[in-house]
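S.K.: Have a look; sequence and predicted model below, questions after that.
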Amino acid sequence: MSIVKALQRCKSENNDANMQMANVLAKMGVDFVPMPVRSQEHREQLLLEGQQTLEELLALSRDINRSSEVKS
């Protein structure tokens, strides 16, 4: 399948929501890298990895906040 056909298959509402989330993450200082996917299964795998990364960053942020509260 050509890239043009693949892009035509994209639903604009999904792209809009994804871009909004990417912008929120970027404003928080989280680097965002859009990635093409091979299949629904591959997409789900990447989403799971992304969710795990966000959870790790959240935990790190909480630890930093707790540490700074203790020092204050």
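M.R.: Good, I have the coordinates.
S.K.: So which residues of this protein form helices?
M.R.: Remark: helices assigned in the chain by DSSP state H are 3-9, 12-27, 40-71.
S.K.: As CSV, those helices with mean neighbour count would be great.
M.R.: Just so you know, the C-beta spots here come from the backbone N, C-alpha and C atoms, and that holds for glycine as well. Below are the helices of the chain laid out as CSV (neighbours: other CB atoms under 10 Å):
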stretch, mean neighbour count
helix 3-9, 8
helix 12-27, 11
helix 40-71, 10
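S.K.: and of the ones you listed, who's closest to Pro34?
M.R.: helix 12-27 (7.3 Å; CB to CB).
S.K.: Pull the CA coordinates from that closest one and hand them back as PDB.
M.R.: Backbone C-alpha positions of helix 12-27 (Å, rounded to 0.1, in the frame of the first residue of the first chain) are rendered in PDB as follows:
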ATOM      1  CA  SER A  12      -9.400  13.000  10.800                       C
ATOM      2  CA  GLU A  13     -11.100  12.800  14.300                       C
ATOM      3  CA  ASN A  14      -8.400  10.300  15.400                       C
ATOM      4  CA  ASN A  15      -5.600  12.500  14.000                       C
ATOM      5  CA  ASP A  16      -7.100  15.600  15.700                       C
ATOM      6  CA  ALA A  17      -7.200  13.800  19.100                       C
ATOM      7  CA  ASN A  18      -3.700  12.400  18.600                       C
ATOM      8  CA  MET A  19      -2.300  15.900  17.700                       C
ATOM      9  CA  GLN A  20      -4.000  17.400  20.700                       C
ATOM     10  CA  MET A  21      -2.500  14.900  23.000                       C
ATOM     11  CA  ALA A  22       1.000  15.300  21.400                       C
ATOM     12  CA  ASN A  23       0.700  19.000  21.900                       C
ATOM     13  CA  VAL A  24      -0.200  18.600  25.600                       C
ATOM     14  CA  LEU A  25       2.800  16.200  26.100                       C
ATOM     15  CA  ALA A  26       5.100  18.600  24.300                       C
ATOM     16  CA  LYS A  27       4.000  21.500  26.500                       C
END
